[in-house]
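Novice: Provided below for reference: sequence and predicted model.
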Amino acid sequence: MLKSAVLDMNPALLKSSTFANEPKWLADLRQRAWGKIESLEMPVFAKINYHSWPLLKLAADPSVNVSVPKEVTEEAKNYHLATIGQIVAKLDLNDELKKKGVILCDMQTAIQEHPDLVKQYLFTKSIHFDENRLVAVDAALINGGAFLYVPHDVEISDPINLLQFQDSRQATNFINHTVIVAGENSRFKVLQRSATVGEVANPAHIMVEIVAENGSYVKFSALDSLATQTHAYINRRGYLEKDARIDWTIGLFNDGNTIADFDSDLVGIGSHTEMQTVAISTDRQTQGIDTQVTNYAAHSEGNILQRGILLGASSLVFNGIGKIIKGAHGSKAQQENRVLMLSPKARGDANPILLIDENDVIAGHAASVGRINQDQLYYLMSRGLTKEVAQRLVARGFLGVVLSDIPMVEVRDQMVAMIERKLVNGQGTE
Amino acid sequence: MATLQVTDLHVSVADEEAKTTKEILKGVNLTMNTGETHAIMGPNGTGKSTLSETIMGNPKYLVTQGDVTLDGVSLLDKTVDERARAGLFLAMQYPAEIKGITNSEFMRAAVNATRPEDDPISVRAFLKELDKNLSILNMSDDMAERYLNEGFSGGEKKRNEILQLMTIKPKFAILDEIDSGLDIDALQVVSKGVNEMKSPDFGVLMITHYQRLLNYIHPDQVHVMMGGRIVKTGDDSLAQELEKTGYAGLRDEFGLDVDLVDEDVPAGNGGR
């Protein structure tokens, strides 16, 4: 294996990640994960070779910058929790929600103030610390993130908005881990916005665990726009109990190389997930995105929609994995993976993978890799739009199908602006 | 006054499977000025849509001879978007459906395409105009916020073409079978929209099979097209005559060597 996929097992790494007054169970978890790192394999992303990426090039002596830049403060005003690296820039949860027992804080505070709750959900249900090398590294070196706990029967109409900046003003390790717990029959929306400040080349590790207990309904949306020099590993996972539902809407607009793993485990009877991901790759960027639904339980339903656009000499691979375990009768797994190529030099792939071990199921897939629809282009141009504008509108329309599922208008506008910027830049390079 | 002129136009289309080309238009001549309403009638497969798509600049059609000019300037080397900005509009038979772009943002982009980059139409002025046109066409406000033609019925698509026409305000509009698939009420509404546009600065070319449309939008000139040429031009009464005699009568009158698609269909085949 190439050296870059190997972590320098320097104990200083562990030490620099440790939270203040860390409970023993967490220290033990870190140690167990640390001990497994070298024996575990890197996760497999079909048709993507990322082993030369500096994902494990972590700083043994990271520095922490406690100042909060103005762009973060400004951006934070629409959010409940805003963090930059390990620093909390803003936390604002209204009293009504607090009274109902809703907990929202950064991971360090959660571990100090709600250790038993965190212990119950961190690396216990959604993600297991020894799944692969990258997960083990993250379990050993977790140094930030958020904790959101919504108790049973609590319904929240406005979305809970999380803003998480990677601090690349200096060499730091961004091992950002967010845990979201939906108590029985709770209903709420969460938005996670991640981005980079600063110019230093640091890797980013972003993990999200959602535990959806019986009858709960979580609408999770995310918009990622990490910097060009950031190599990213993103892992978001849902664990769904009986009749629970998670709707995922993820916009992956990083400028740098990214591998992303979005999974839902349908563990409870009648659980249901809708997983939508849209992405753009530009320049020489490579992105590999796996979206997987595993139907463990009867009458569970999981639908995947992935759409991507390629510009420049970039690569984008979507693997859609539908896995139905024996016994999950009456379950459904559908997926649609579509890739639009706007450059002859780009390489796109859309691979549906169905692994079905039960007879009484409904499963299907559709996949396409194509160029822009000429009839649509002609129609738009016949109204006077230039080819470039018409192309951008068709492309935006192609990704825009998910826009209405993003709850915050500012983030929707940001996503439209990002699509526009990437398309304009991409067209300029051809 | 602006003038659109088609001179000795010959057009071929490529048959990609057979790797051959077929000549569809065999020398079309036509002159229209703004302020005028023209209708082209003719049997199926005679090149009416080919003519409209060629004037608009659909790259699928290959001009082998002749010219299309706007105020004396040839359009043939201009792309479809350049022709649109020069003042041409084609209401299409089968408009494309595009998800993710609302009707209203598309139309605003189209209106702005003909304006200087630093002087886009104000949102307020645009919406006011849009509301007025929606109400003339009996369209609900939410049609403007729906995705472009996505999930529209046949009739809604036709109305939407006319809505775009009224909002973009071209010099010349070609309406390619705008009446097909419309019930009588919808036809009245669509005609109302087109008649609303009538002005000395606007010309219409209607392509249709049926005289019915011409009861609502009265043409100054009617052209009959057969076998890739305009074979007869007259006034309103020509359309009524055609309705009585059919195209076969006209073909025989001129001694044209043209196959009419439906000619040999027997009245009934019960004895089979």
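Specialist: That came through fine. A quick note: this is a predicted structure, and the numbers were derived from the prediction, not measured. Numbering: from 1, shown residues only, chains lettered A, B, ... in the order given.
Novice: what's whichever residue of chain B sits closest to chain A in contact with, if anything?
Specialist: Nearest residue of chain B to chain A: residue B:100, at 3.0 Å (CB to the nearest CB). From N, CA and C alone the C-beta is placed, and that goes for glycine too. Shown in contact with residue B:100 (CB atoms under 8 Å, 6 or more residues apart in numbering or on different chains): A:396-401, A:403, B:147.
Novice: Then residue B:151?
Specialist: By CB under 8 Å, 6+ apart, the contact set of residue B:151 is residue B:97.
Novice: Please apply the same query to the one 4 residues further on.
Specialist: Under the criterion of CB under 8 Å, 6+ apart, the neighbours of residue B:155 are B:181-183, B:186.
Novice: Pipe the residues you listed into a markdown table and attach pLDDT and distance to residue A:290 per row.
Specialist: Listed next are those as a markdown table, based on pLDDT from 0 to 100; distance: CB to CB, whole Å:
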| residue | pLDDT | distance to residue A:290 |
| --- | --- | --- |
| B:181 | 83 | 45 |
| B:182 | 88 | 49 |
| B:183 | 88 | 51 |
| B:186 | 90 | 49 |
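Novice: now, which of the residues you listed lie within helices?
Specialist: Of the contacts of residue B:155, the ones assigned to helices by DSSP state H are residue B:186.
Novice: out of the contacts of residue B:155, which one sits closest to residue A:54?
Specialist: Here the nearest of the contacts of residue B:155 to residue A:54, counting by CB to CB, is residue B:181; it sits at 60.0 Å.
Novice: Thought residue B:159 was touching that closest one, still the case?
Specialist: No: here residue B:181 does not reach residue B:159: they are 11.3 Å apart, not a contact under CB atoms under 8 Å.
Novice: more neighbours, those two?
Specialist: Legend: neighbour count by other CB atoms under 10 Å in any protein chain shown for residue B:181 and residue B:159, higher for residue B:159 (23 against 14).
Novice: What pLDDT does the model give the more buried one?
Specialist: As predicted, residue B:159 sits at a pLDDT of 94.
Novice: Check residue B:60 too.
Specialist: 91.
Novice: before we move on, the earlier item: give me the phi and psi for the residue of chain B closest to chain A.
Specialist: Per-residue torsions, residue B:100: phi 90, psi -10 (degrees, to the nearest 10).
Novice: Please apply the same query to the one 5 residues further on.
Specialist: Backbone torsions for residue B:105, taken as degrees, to the nearest 10, come to phi -70, psi -30.
Novice: same deal with residue A:308?
Specialist: With angles defined as degrees, to the nearest 10, residue A:308 sits at phi -140, psi 160.
Novice: how far away is it from residue A:96?
Specialist: Residue A:308 sits 40 Å away from residue A:96 when distances are taken as CB to CB, to the nearest Å.
Novice: Which one of the two is surrounded by more residues?
Specialist: Between residue A:308 and residue A:96, counted using other CB under 10 Å, residue A:308 has the larger neighbour count: 27 against 9.
Novice: give me the beta-bridge partners of that one?
Specialist: residue A:279, residue A:339 (DSSP bridges).
Novice: about what we covered before: buried only: go through the contacts of residue B:100 for me.
Specialist: A:396-400, A:403, B:147 (16 or more other CB atoms under 10 Å in any protein chain shown).
Novice: Out of the residues you listed, flag the one nearest to residue A:104.
Specialist: Using CB to CB, those come closest to residue A:104 at residue A:403, 25.7 Å.
Novice: Show me the shaky parts of the chain.
Specialist: In the absence of a named chain, this looks at chain A. Low-confidence segments of chain A (pLDDT under 70): A:1-4, A:428-430.
Novice: could you do chain B instead?
Specialist: Across chain B, the ranges flagged by pLDDT under 70 are B:261-272.
Novice: any chance you could map the helices in it?
Specialist: B:48-56, B:80-86, B:103-113, B:123-136, B:142-145, B:154-168, B:184-197, B:236-254.
Novice: who's in contact with stretch B:122-129?
Specialist: In contact with stretch B:122-129 (CB under 8 Å, 6+ apart) are residues B:104, B:107-108, B:111, B:167.
Novice: right, I mislabeled it, should have said stretch A:389-402
Specialist: Contacts with stretch A:389-402, where a contact means CB under 8 Å, 6+ apart, come from A:249, A:251, A:276, A:278, A:280, A:305, A:307, A:309, A:338, A:340, A:342, A:372-373, A:376-377, A:380-381, A:385, A:416, A:419-420, A:423-424, A:427, B:81, B:98-101, B:106, B:109, B:113, B:147-148.
Novice: Kindly export that stretch (C-alpha atoms) in CSV.
Specialist: Taking Å, rounded to 0.1, in the frame of the first residue of the first chain, the C-alpha atoms of stretch A:389-402 are listed here in CSV:
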residue,chain,number,x,y,z
VAL,A,389,-26.5,30.5,-20.8
ALA,A,390,-28.8,27.8,-22.2
GLN,A,391,-26.3,25.1,-21.2
ARG,A,392,-26.1,26.5,-17.7
LEU,A,393,-29.9,26.6,-17.4
VAL,A,394,-30.2,23.0,-18.5
ALA,A,395,-27.4,21.9,-16.2
ARG,A,396,-28.9,23.9,-13.3
GLY,A,397,-32.3,22.4,-13.9
PHE,A,398,-30.7,18.9,-13.9
LEU,A,399,-29.3,19.5,-10.4
GLY,A,400,-32.0,21.9,-9.2
VAL,A,401,-34.5,19.1,-8.7
VAL,A,402,-33.3,18.9,-5.1
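Novice: For the most centrally placed residue in chain B, list each beta-bridge partner.
Specialist: Central residue of chain B (CA atoms, centre = their mean): residue B:175, 2.4 Å from the mean position. Beta bridges link residue B:175 to residue B:91, residue B:206 when assigned by DSSP bridges.
Novice: picking up where we left off before, which members of the buried ones among the contacts of residue B:100 define the maximum pairwise distance?
Specialist: The most widely separated members of those, counting by CB to CB, are A:399 and B:147 (13.2 Å).
Novice: quick revisit: so which of the contacts of residue B:100 comes closest to residue B:39?
Specialist: Nearest to residue B:39, judged by CB to CB, of these is residue B:147 at 32.6 Å.
Novice: ok, that closest one touching residue B:103?
Specialist: Yes: using CB under 8 Å, residue B:147 makes contact with residue B:103 at a distance of 7.4 Å.
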